[in-house]
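Novice: sequence and predicted structure are below.
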Amino acid sequence: MQTLRDYPAALRQTADVTTGTVWTEALAQTGSPAVLVNRAHFSPGARTCWHRHQRGQTLIIESGVALVQEEGGPILELRPQQILECAPGVNHWHGASGDHAMTQFAITTADGQYATWGQLVTDEQYYAGRR
Ligand code: MN
């Protein structure tokens, strides 16, 4: 029997890597390179900055309505139980839709760092084609 531990405290993500209110819970970190399992809660309209993961990322939508975009591609709307594989090194962002909160699990292999962060997703980018 392995150690039973408490559910981790939620951490508020900072405005240099997100727009709006985003809380994350670091559920697990195992192996080398480290595989990280995070649960993230996005308020309506909240989203990450543009970023890339050196070894890619799996996003599992748990609740709400998610928006995801890879650079140069359309904004995808994802629903609970949909799973998206973000390819290694591809610039992207993810977040909640404008009128629904969203919770996701993110599985990320972090080879040195979790993500390489870029620019904020502007309202013009976020709402492109949606209003
Ligand atoms: Mn990502």
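Specialist: Cool, got the structure.
Novice: residues in contact with the closest residue to residue 105 other than its chain neighbours?
Specialist: Using CB to CB, 6 or more residues apart in numbering and skipping residues adjacent in sequence, the residue nearest residue 105 is residue 60, 4.3 Å away. (Glycine included, C-beta is placed from N, CA and C.) Going by CB atoms under 8 Å, 6 or more residues apart in numbering, residue 60 touches 81, 82, 83, 104, 105, 106, 107.
Novice: pLDDT averaged over the helix or strand containing residue 60 - what is it?
Specialist: Assigned by DSSP states H and E, residue 60 belongs to strand 57-64. Average pLDDT, strand 57-64: 98.
Novice: 539 is where my numbering starts, stick with that
Specialist: Will do, 539 is the new start, and the previous item becomes strand 595-602.
Novice: so which bits of it are buried?
Specialist: 595, 596, 597, 598, 599, 602 (16 or more other CB atoms under 10 Å).
Novice: any chance of the residues you listed in JSON lines, plus distance to residue 560?
Specialist: Output for the buried residues of strand 595-602, formatted as JSON lines (distance: CB to CB, whole Å):
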{"residue": "595", "distance to residue 560": "15"}
{"residue": "596", "distance to residue 560": "18"}
{"residue": "597", "distance to residue 560": "14"}
{"residue": "598", "distance to residue 560": "16"}
{"residue": "599", "distance to residue 560": "15"}
{"residue": "602", "distance to residue 560": "13"}
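Novice: before we move on, which element is the residue nearest the centre of the chain in?
Specialist: With distances taken as CA atoms, centre = their mean, the residue of the chain nearest its centroid is residue 632 (5.2 Å). Per DSSP H and E: residue 632 is located in strand 630-634.
Novice: swap in residue 651?
Specialist: Residue-wise, residue 651 maps onto no helix or strand under DSSP H and E.
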